[in-house]
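Peer 1: Give me coordinates for this.
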Amino acid sequence: MPSASLKVTVLGSGTSMGVPTLGCPCRVCHSNDLRDKRLRPSLLISRGGHHVVIDTTPDFRQQALRVGLERLDAILLTHGHADHILGFDDIRPFNIRQRSTLPVYGNEEAFRIIRRVFAYVFDDKPTLSTIPSVTLKIADRPIELLGIPFVPVPMLHGDMPVLGFRFGRAAYLTDFSKIPDSSMALLQDLDELVLDALRDIPHPMHQTVEQALALIQQLKPRRAWFTHIAHDLPHAETNARLEKMGFPNVQLAYDGLEFDVQLDAAGEVSRDRSQSFESPSPAGGARPARLSAFTSSQAWASRHARFGHDSVLAIGNFDGIHLGHQAILRATVERAHGLNAVSTALTFDPSPRKVLRPESAPPRLSTNAQRMDWFNTLGLEAVVVLPFTLDLARLSPAEFAEQILVRDLRVRAILVGENFRFGHKQAGDVKLLSELGAKHGFDVVIVPPVVYRGEVVSSTIIRREVAEGDVSHAARLLGRPFALTGEVVRGTGTGRRFTFPTLNLAAEQELLPARGVYITRTRLEGESRSHRSVTNIGMRPTFNGSSLSVETHLLDVQLETAPKRTEVRFWKRLREEKKFSGPEELRAQIARDIARANRFFSRLRRFRSLRDASVSAPRS
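Peer 2: Next up is the predicted model:
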């Protein structure tokens, strides 16, 4: 396909009776606004001179003539109600002109109705006139059309099973009242969403405006359009109401509406850089990655399995992503590259212990955002962050392997540590995982632990070191400094008035270093380089403080305005927190802390210069 985008055209945006409705005296049915004239709901998706239509409504002939449709390559049916299928016979001219049978995709319920209503098409009796020539194909998996996958999205229309469809970063969901959780996973990361919003008054088989807005808030598409609109909703007034309600990105669709869905060169939908995690120089020699994050294995499948891609998988909590985790993840990237598979991490949020034994769950070293950055830096292409629920915990090891690893993630190889456990009551170990691998055709690689100075690197030990204030030892086990991130919040103003100005951090991490003063480097939001700094974690006992605070003083820059967010990286602990006799004594001690920090950074710079010179010197 030569075109780098899909063109989407709304052929009809009205209800089963259309707008205007026959015999109705209401002001919308008599409106002069052309956007209030609504044919039955249908969508046209076009690319490179090829076209797919969703639903052949009773108005299909009129709709096709209005847009000048000269070719049709496939039909997708959402369901078998009359307002979505009764134009089925009008596809005959495309059969004749193209001398081909048209593929029609839908669910079994829709085909049952189609076969009954249009029995003459399927009864194999000879006819003296033309009839539609079609092949009915069950849409139970992604469909390759227009050079991209169309992903069926199962929904409910009252009690009736119906389909929506996702194509790239757009989705079309007409005529539904409920979306199962498994289908919600298929609707993440959308640019354009066209969805059912019948009216304000509740209906047993459709969404109201309020329900549609709640779904939009949950899915967070860049833009959303209402369809299947009754004559209760005047176009201009409703759009004005939506904007006043705080939804400027939501509008009523209208017949003839067009918008583009951009695609990259490979046909996949381009992601906005602000929604991806990128690193210019991944560690360990891995090739640069654009990390895709998913909240379910089904969502991973909708992005990758539909192209026939398999995965090489690393599984674990990956809290902190320390040296041991990094060994597993680098090996995953390397093996995936050799197999031409998608290097993927499978992890959980919250951690399993927080759900199963919350009273003994340890505080986490890292946030999800930090883990995403580090996954990306190590070169992974995808991460699946499964919400850990009791339902997930009840899966047996065999069910976990069959449903998630094999069916959804199409795993070719799994890399885990030697203490890996999985499944209900942690009944699965690496031995059972290997047996399941032999049964289902995937390899299991047990990555040995990383030992540092005779000590096995683990999140447990790193938590202990951070909690005790030995951030230097924690950094050696992490392979980088322990870091706190969060918003800069207003402090008491004590530092600026009596000692040194500070940035006050509302840390997002569950674990803080022990109270005391630390040598740190601080990176401000929007900047790539970090600044020398000194950070105090404590209660401000000199000023009789009553709450724990994280206060950072920058050594090499004076800020006119505080940033919104910062990241503070902990290098070395200088001293414990202490109560001083007053501001003067405290100010003198902070000045000594600053001098020690500057000496530390100067020694570090000299050491690095000598090391670099030694590495680059010619050898005899």
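
Peer 1: contacts and neighbour counts: CA atoms only from here.
Peer 2: Will do.

Peer 1: residue contacts, the spatially closest residue to Ser297 that is not a sequence neighbour?
Peer 2: In this structure, Ser297 finds its nearest non-sequential neighbour in Asp408, 5.6 Å apart by Cα to Cα, 6 or more residues apart in numbering. By Cα atoms under 8 Å, 6 or more residues apart in numbering, the contact list for Asp408 reads Ser297, Gln298, Trp300, Ala301, Ala305.

Peer 1: pLDDT check: weakest of those residues?
Peer 2: Lowest pLDDT of the contacts of Asp408: Ala305, 78.

Peer 1: Ile414 - that's part of a helix, no?
Peer 2: No: under DSSP: H, G, I helix; E, B strand; the rest coil, Ile414 sits outside any helix and is assigned strand.

Peer 1: Neighbours of it, how many?
Peer 2: Burial measure for Ile414: 24 neighbouring residues, criterion other Cα atoms under 10 Å.

Peer 1: Identify the bridge partners of it.
Peer 2: Ile414 has these beta-bridge partners by DSSP bridges: Leu313, Val444.

Peer 1: And for Glu455?
Peer 2: Beta-bridge partners, per DSSP bridges, of Glu455: Tyr452.

Peer 1: Equivalent analysis for Val53, please.
Peer 2: Here Val53 sits in beta bridges with Leu44, Ile75, as judged by DSSP bridges.

Peer 1: hang on, isn't it packed against Leu76?
Peer 2: Yes: under the criterion of Cα atoms under 8 Å, Val53 makes contact with Leu76 at 6.3 Å.

Peer 1: Farthest from the middle of this protein: give me that residue.
Peer 2: Leu128 (54.5 Å; Cα atoms, centre = their mean).

Peer 1: where does the stretch 451-600 of the chain dip in pLDDT?
Peer 2: Where the stretch 451-600 of the chain drops to pLDDT under 70, the residues are 491-499, 542-546.

Peer 1: try 90 this time
Peer 2: 452-455, 490-502, 525-529, 539-548, 556-563, 577-591 (pLDDT under 90).

Peer 1: ok, which stretches of it are strands?
Peer 2: Along the stretch 451-600 of the chain, counting by DSSP state E, counting those that start in this stretch, strands occupy 451-452, 455-456, 482-489, 503-507, 516-524, 531-538, 549-554, 565-575.

Peer 1: Export those as CSV, with columns for mean neighbour count.
Peer 2: Formatted as CSV, those follow (neighbours: other Cα atoms under 10 Å):
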stretch, mean neighbour count
strand 451-452, 12
strand 455-456, 12
strand 482-489, 20
strand 503-507, 22
strand 516-524, 23
strand 531-538, 23
strand 549-554, 22
strand 565-575, 22
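
Peer 1: I'd like those strands laid out as TSV, including distance to Ala595.
Peer 2: Supplementary listing: these in TSV, determined by distance: least, Cα to Cα, whole Å:
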stretch	distance to Ala595
strand 451-452	32
strand 455-456	34
strand 482-489	22
strand 503-507	19
strand 516-524	11
strand 531-538	10
strand 549-554	13
strand 565-575	11
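
Peer 1: Mind listing the residues bridging to Ile138?
Peer 2: Going by DSSP bridges, Ile138 is paired in beta bridges with Gly106.

Peer 1: For the closest residue to Arg47 other than its chain neighbours, pull up the helix or strand it's in.
Peer 2: Nearest non-adjacent residue to Arg47, counting by Cα to Cα, 6+ apart: Leu6, 5.2 Å away. Take DSSP states H and E as the rule and Leu6 turns out to sit in strand 5-12.

Peer 1: Could you do Leu346 as well?
Peer 2: Assigned by DSSP H and E, Leu346 falls within strand 342-349.

Peer 1: In terms of secondary structure, what does that strand contact?
Peer 2: Packing partners of strand 342-349 (3 or more Cα pairs under 8 Å, 6 or more residues apart in numbering; DSSP states H and E): strand 311-315, helix 323-339, strand 382-387.

Peer 1: which residues of the stretch 351-500 of the chain fall in helices?
Peer 2: Secondary structure of the stretch 351-500 of the chain (DSSP state H, counting those that start in this stretch): helices located at 352-356, 368-377, 390-393, 397-400, 430-440, 459-468, 471-478, 494-498.

Peer 1: which of those sits most buried?
Peer 2: Among the helices of the stretch 351-500 of the chain, ranked by average contacts under mean count of other Cα atoms under 10 Å, first place goes to helix 471-478 (a mean of 22).

Peer 1: Please compute how far it lies from its chain's middle.
Peer 2: Distance of helix 471-478 from its chain centroid, counting by Cα atoms, centre = their mean, to the nearest Å, is 31 Å.

Peer 1: again with stretch 371-391
Peer 2: Its chain's average C-alpha position is 10 Å from that of stretch 371-391, according to Cα atoms, centre = their mean.

Peer 1: Ends of that stretch, what's the gap?
Peer 2: Stretch 371-391 has an end-to-end distance of 25 Å (Cα to Cα, to the nearest Å).

Peer 1: go on, stretch 403-417?
Peer 2: 22 Å.

Peer 1: quick one: buried residues of it?
Peer 2: 404-406, 408-417 (16 or more other Cα atoms under 10 Å).

Peer 1: can you check stretch 115-129 too?
Peer 2: For stretch 115-129, by 16+ other Cα under 10 Å, it's Phe118, Val121.

Peer 1: would you put the C-alpha positions of that stretch in CSV?
Peer 2: In CSV, the C-alpha atoms belonging to stretch 115-129 read as follows (Å, rounded to 0.1, in the frame of the first residue of the first chain):
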residue,chain,number,x,y,z
ARG,A,115,-28.4,-16.4,5.9
ARG,A,116,-32.0,-16.1,7.0
VAL,A,117,-32.8,-12.6,5.6
PHE,A,118,-30.9,-13.1,2.4
ALA,A,119,-31.6,-16.8,1.9
TYR,A,120,-31.6,-16.5,-1.9
VAL,A,121,-27.9,-15.7,-1.7
PHE,A,122,-27.0,-18.9,0.2
ASP,A,123,-29.6,-21.6,-0.9
ASP,A,124,-27.6,-22.5,-4.0
LYS,A,125,-30.8,-22.4,-6.2
PRO,A,126,-30.3,-21.2,-9.8
THR,A,127,-31.4,-17.6,-10.5
LEU,A,128,-32.1,-15.6,-13.6
SER,A,129,-30.7,-12.4,-12.0
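
Peer 1: tell me the average confidence for that stretch?
Peer 2: The average pLDDT for stretch 115-129 rounds to 83.

Peer 1: contact partners of that stretch?
Peer 2: Ile131, Pro132, Ser133.

Peer 1: Report the next helix or strand after the lowest-mean-pLDDT helix or strand in the chain in sequence order.
Peer 2: Within the chain, no helix or strand scores below strand 277-278, which has a mean of 28 by mean pLDDT, DSSP states H and E. Next along the chain after strand 277-278, taking DSSP H and E as the criterion, comes strand 290-294.
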